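In: only geometry, no sequence info:
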């Protein structure tokens with residue numbers, strides 16, 4: 001046949017890139033806490049019971065030096081005044097001669113015997129109670145509250161996405177060629 005048809009198919013190169021999802025970081029939080037503990041500060045003053053036994057001891061004869069001195073001074077002053085009044089009375093008895101009484105024998109008996117007669121009374125148990133006072137204790141306290149400061153920061157999540165891609169190139173296009181050739185043979189009819 002004098003007509004020749006030639007065809008050339010298309011040559012297509014197809015490359016595909018799958019979709020890709022990349023993630024950096026997982027969004028987790030690193031726990032970072034600043035903690036200040038609470039504090040309780042206490043200052044205590046213990047209670048005290050004060051017992052003053054000065055007066056009961058004084059009644060039993062157990063006196064401190066000051067009370068002992070005061071008692072002896074008052075006792076000495078009393079005995080001094082008693083002695084002076086006794087001497088004055090006896091002197092006044094001598095002056096009263098007009099009464100006819102002789103004071104010498106009475107004063108001699110009094111000065112020799114009656115002046116030295118004593119009565120003793122000894123009490124071992126004091127009759128007064130000791131003085132008891134209470135010094136109350138104190139509790140002073142100061143309280144500092146604790147705190148928790150959360151300084152945690154979440155880790156950022158970074159994502160990158162590349163979509164599915166199809167790349168194609170044509171290295172050869174399709175074509176149809178028609179060609180007419182003269183016949184080489186001649187036919188006769």
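Out: It's in. The structure displayed is predicted, hence computed values, not measured ones. Numbers count the residues shown, from 1 in each chain.

In: hmm, residue 129 is touching residue 59, no?
Out: No. Applying Cβ atoms under 8 Å, one finds residue 129 not in contact with residue 59, separated by 10.8 Å. C-beta coordinates here come from the backbone N, C-alpha and C atoms, glycine included.

In: which one of those two has more residues nearby?
Out: Neighbour comparison, residue 129 and residue 59: the larger count goes to residue 59, with 15 against 9 (by other Cβ atoms under 10 Å).

In: got the contact list for the nearest residue to that one once chain neighbours are set aside?
Out: Distance criterion Cβ to Cβ, 6 or more residues apart in numbering; nearest residue to residue 59, sequence neighbours excluded, is residue 126 at 4.1 Å. Contacts for residue 126 (Cβ atoms under 8 Å, 6 or more residues apart in numbering) come out as 55-57, 59-60.

In: out of everything not next to it in sequence, what's closest to residue 145?
Out: In this structure, residue 145 finds its nearest non-sequential neighbour in residue 38, 5.7 Å apart by Cβ to Cβ, 6+ apart.

In: contacting residues for that neighbour?
Out: Residue 38 makes contact with 143-146 under the criterion Cβ under 8 Å, 6+ apart.

In: which among those gets closest to residue 170?
Out: residue 146 (75.0 Å; Cβ to Cβ).

In: from residue 40, how far off is the closest one?
Out: 10 Å (Cβ to Cβ, to the nearest Å).

In: contacts for the helix or strand containing residue 22 next, please.
Out: Element membership for residue 22 (DSSP states H and E) is strand 20-24. If you take Cβ under 8 Å, 6+ apart as the criterion, strand 20-24 is touched by 157-162.

In: again, only using 10 Å
Out: Defining contact as Cβ atoms under 10 Å, 6 or more residues apart in numbering, one finds that strand 20-24 is touched by 155-165.

In: now do stretch 151-158
Out: With contact meaning Cβ under 10 Å, 6+ apart, stretch 151-158 is reached by 22-34.

In: mind doing that once more with 8 Å?
Out: With Cβ under 8 Å, 6+ apart as the test, stretch 151-158 has contacts from 23-34.

In: likewise stretch 159-176?
Out: 5-24.

In: repeat the analysis, applying 10 Å as the threshold.
Out: Contacts for stretch 159-176 (Cβ under 10 Å, 6+ apart): 5-25.

In: same deal with stretch 40-57?
Out: With Cβ under 10 Å, 6+ apart as the test, stretch 40-57 has contacts from 60, 62-64, 66-67, 125-144.

In: related to what we said a few turns ago, from the contacts of stretch 151-158, which one has the minimum pLDDT?
Out: Of all the contacts of stretch 151-158, residue 27 carries the smallest pLDDT score, 66.

In: residue 67: neighbouring residues, count only.
Out: Using other Cβ under 10 Å: residue 67 sits among 14 other residues.

In: just say helix, strand or coil for it.
Out: Following DSSP: H, G, I helix; E, B strand; the rest coil, the label given to residue 67 is helix.
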